[in-house]
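S.K.: just a sequence and a predicted model for now, questions to come.
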Amino acid sequence: MGKNNSKDFIVGSLVGGLIGAATALFLAPKSGKEIRDDLGQQASIVKGRTEKFTSQTLEKSAGLANVAKEKTVSLSQVVSEQSSQIMNKVRDLTNTTNEQRDVIEAEVADALEQISGETPVTPKEAQAELPTAIVEAAHAVESDVNNEQPQTNDQVSSEDRVKTNS
């Protein structure tokens, strides 16, 4: 807001000065030739100041444009470098994860082969067979529990009683 006020003040001062100078020239007791000469001089002075102001403005704007270009180039280089670093890190993590998964799968397959003495089963195959293996194990446990229930006193034979009494 401060820049607009000062700019407006400067423009207003210039316009007011020009109007005042023109008024003074017209009201001064000079001949027409003298007034025309004075107006020509004042016009050339105003023209020179305007050209100077225009050239300064163009120089400043060109300087600002160059600074903006430099900042844009450096910023784009930084962004490019950082994005390539991030992409390399992601690739490294992906490769490391794949390598670790392969090593773990190989170790699990070797362990399964050593335990079972059979051809190794991949982890995916083991996952697929896991539910059926759990169901089979549960049935086996139930059948063992049903087959080995302790006998009640009524079921104990007389021979067993004799053996325990003697």
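M.R.: Now that the structure is in, tell me what you want to look at.

S.K.: mind pulling up the pLDDT for residue 162?
M.R.: As predicted, residue 162 sits at a pLDDT of 45.

S.K.: same thing with residue 11?
M.R.: For residue 11, the predicted pLDDT is 87.

S.K.: before we move on, what about residue 72?
M.R.: We have a pLDDT of 89 for residue 72.

S.K.: I'd like to know which elements the one helix or strand it maps to is packed against.
M.R.: Here residue 72 sits within helix 32-116, counting by DSSP states H and E. Contact here means 3 or more CB pairs under 8 Å, 6 or more residues apart in numbering; DSSP states H and E; on that basis helix 32-116 packs against helix 2-27, helix 123-147. Using the backbone N, CA and C atoms, a C-beta is placed for each residue, glycine as well.

S.K.: any idea which of those scores lowest on pLDDT?
M.R.: The weakest mean pLDDT among the helices and strands packed on helix 32-116 belongs to helix 123-147, with a mean of 70.

S.K.: any idea how far residue 142 is from residue 88?
M.R.: For residue 142, the distance to residue 88 (CB to CB, to the nearest Å) stands at 56 Å.

S.K.: residue 91: how many residues sit nearby?
M.R.: Neighbour count of residue 91, defined by other CB atoms under 10 Å: 10.

S.K.: how near is it to residue 98?
M.R.: From residue 91 across to residue 98, the span is 11 Å (CB to CB).

S.K.: cool, residue 83 as well?
M.R.: 23 Å.

S.K.: give the buried residues for stretch 14-23.
M.R.: Within stretch 14-23, no residue qualifies as buried by neighbour count (16 or more other CB atoms under 10 Å).
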